[in-house]
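Engineer: Sequence below, structure please.
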Amino acid sequence: MNRAKHSAIGYKGSSDEAIRHHYDFLGDFYRLALGPDLVYSLARWEDGDTLETAQVRKLDLHARAARAEGAARVLDVGCGWGSMMHRLTEVHDVRHVVGLNVSASQVEYVRSREWPGCEVRLENWIDHLPDALYDAVFAIEAMEHFAGSTIRRSQRIARYRLFFERCHGWLRPGGRLAVQSNAWNARGWLASMLLPARMLDPDGGPQGLRLGFRPRDVRDAVRNLREGLHSSRRVFPECFVPTRSELVEAARGLFTVAELRDDPDDGARTLQCWMERCIAHRDQGARLIGRQAVDDLIREQRATLRFMREHRCTVLRMALERVD
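Structural biologist: Take a look at the predicted model:
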């Protein structure tokens, strides 16, 4: 067994402390900005959409990609406040949805709704033992919590692969896994942070490199690193954003890629809406979680919005089909 795979076996993702900070503590403020359905993932936009309609469009996109309509059993890993679970049972005729979550406050919220067909468990995915196979599995902006803060690519891939191995075992033959994740540009996390935006061809090609470096590029690179460190320390502790190639490599032999899309503009529009709402609720948020925490969150949103617009990162959406 190689070292990276060995280290992945005992790893359970973000610690309870990190989860409590991001979803229980900061979550009180998020709920002011997310809208009534409490959808905390980047939306799918079309002209004329509001944030709420774009979020519903995103949920439906993944339901169709996973071929979950009319399914008997579906699993939602990292189910948040239950928006996908509720949509699947209410609109897509799914008979039973199991949601896994390690945030006690989110689990309590979902249970309080008493939605028919929805079962939520305070449980880490690595400990999940299903009663029967699932027709579809969802992991909507959960992958970011699975690799911890390691900068070693091989270790991240090993941890993602462990998740994909579990999903393969949970799914019936031909079942699909729908994934949405924030993702770095194809060049990888370090180049995405350090290179000037004009050099970041979204597909990782060399077209911008011949333009050369300018003095201000060093200043911008330092700024990007500073913002990334701030985010990882104050808002998203123990998280790491993958690249498309890392997830595809981790799934190889277990799943085929049935659908794949990059939607950075969707990320930018969602972040713009969230940031505007957070700023509008700044004073109320300060009473809930303190002024510094509110300012930290708005600063993170502003930086990520810029990263999306400069194609340093994207919204990655994948439908993976189980290899039998």
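
Engineer: Every contact and neighbour count from this point should use C-alpha atoms.
Structural biologist: OK.

Engineer: Which parts of the stretch 1-150 of the chain are helices?
Structural biologist: Using DSSP state H, counting those that start in this stretch, the helices of the stretch 1-150 of the chain run over 3-9, 16-19, 27-33, 51-65, 83-90, 104-113.

Engineer: Which one of the ones you listed has the poorest average confidence?
Structural biologist: Among these, helix 3-9 carries the lowest mean pLDDT, at a mean of 49.

Engineer: Could you tell me which ranges of the protein sit under the pLDDT cut-off?
Structural biologist: For the chain, applying pLDDT under 70 flags the ranges 1-12, 202-211.

Engineer: Which residue, other than its chain neighbours, is closest to the residue positioned nearest the centre of it?
Structural biologist: With distances taken as Cα atoms, centre = their mean, Glu141 lies nearest the centre of the chain, 1.6 Å away. Distances taken as Cα to Cα, 6 or more residues apart in numbering place Ser181 nearest to Glu141, at 4.6 Å, with adjacent residues excluded.

Engineer: First-to-last residue distance for stretch 182-195?
Structural biologist: End-to-end distance of stretch 182-195 (Cα to Cα, to the nearest Å): 19 Å.

Engineer: ah, wrong one, I meant stretch 240-260
Structural biologist: Length of stretch 240-260, first residue to last, Cα to Cα: 20 Å.

Engineer: which residues does Trp274 contact?
Structural biologist: Ala33, Leu34, Gln301 (Cα atoms under 8 Å, 6 or more residues apart in numbering).

Engineer: same deal with Ala286?
Structural biologist: The contact partners of Ala286, taken as Cα under 8 Å, 6+ apart, are Gln292, Ala293, Val294.

Engineer: coming back round to it: enumerate the beta-bridge partners assigned to the residue nearest to Glu141.
Structural biologist: Leu316 (DSSP bridges).

Engineer: Contact partners for it?
Structural biologist: Contact analysis of Ser181 by Cα under 8 Å, 6+ apart lists Ile140, Glu141, Ala142, Met143, Glu144, Val241, Pro242, Val315, Leu316, Arg317.
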